[in-house]
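S.K.: model this:
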Amino acid sequence: MNILRVHRWDPVRAEWIRSRPELDGRALQPSNHLEHQPDLVDVFPHTDRIVDLASVDLTPSPDEANPIFVEVTQPWPPNEANVLDAAMWRLELLVCGDNIKPERSFFSLSLDGSWPQADSAGIWDHFAVQGPFHDSSASPNHSRER
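M.R.: Okay, the predicted model is just below:
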């Protein structure tokens, strides 16, 4: 699974703005991968392969809102392009493989900057992952629907 493009929602202009081109073409980190072969993923027929999309550091930052980390494969970009500030983001992803039809989909990630106790269920009121969407025009209002 690769990132095709990243966009950030601009609430003033009410549109998605292209951002973070350093992440174009980067693979998402497979869960349970082999450290010595980080890009090799062997998926058995009729099974699911889990990839890590994003995470948030559970240690509250006293100075600023905690960022969203897009879990791309190592090495991470030197300019930390995979570290997204608190906002609404859209990731355009490509799922492809040797024996599957390529599929493009969109996910939205949002973090409002508020941070309750890390071990409380309230975190999901502040950090949301929505998708997949197969239409790139989904607005934040649409992507926040449950």
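
S.K.: Run through who's touching stretch 95-109.
M.R.: Stretch 95-109 is contacted from outside by 1-2, 4, 43, 53-54, 68, 70, 84, 88-94, 128-136, 138, 140, 143, using CB atoms under 8 Å, 6 or more residues apart in numbering. In this view, the C-beta of every residue, glycine as well, is placed from N, C-alpha and C.

S.K.: Which members of those residues occur in strands, if any?
M.R.: Per DSSP state E, strands hold the following members of these: 2, 4, 54, 68, 70, 84, 88-94, 128-133.

S.K.: got the residue ranges for the helices in the protein?
M.R.: Using DSSP state H, the helices of the chain run over residues 140-143.

S.K.: so where's it shaky on pLDDT?
M.R.: 30-50, 57-65, 114-123, 137-146 (pLDDT under 70).

S.K.: just checking, what's the longest strand in this protein?
M.R.: Assignment by DSSP E gives strand 100-111 as the longest strand of the chain.

S.K.: Please name the bridge partners of the residue lying closest to Trp89 once chain neighbours are set aside.
M.R.: Spatial nearest neighbour of Trp89, excluding adjacent residues (CB to CB, 6 or more residues apart in numbering): Leu109 at 4.6 Å. Under the criterion DSSP bridges, Leu109 forms beta bridges with Trp89, Val129.

S.K.: What of Ala27?
M.R.: Note on Ala27: beta-bridge partners by DSSP bridges are Asn2.

S.K.: which ones are touching it?
M.R.: Met1, Asn2, Ile3, Asp39, Val72, Thr73.

S.K.: okay if I get these as CSV plus neighbour count and distance to Arg18?
M.R.: Conversion of the contacts of Ala27 to CSV gives the following (neighbours: other CB atoms under 10 Å; distance: CB to CB, whole Å):
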residue, neighbour count, distance to Arg18
Met1, 17, 20
Asn2, 16, 17
Ile3, 21, 13
Asp39, 10, 26
Val72, 20, 18
Thr73, 16, 22
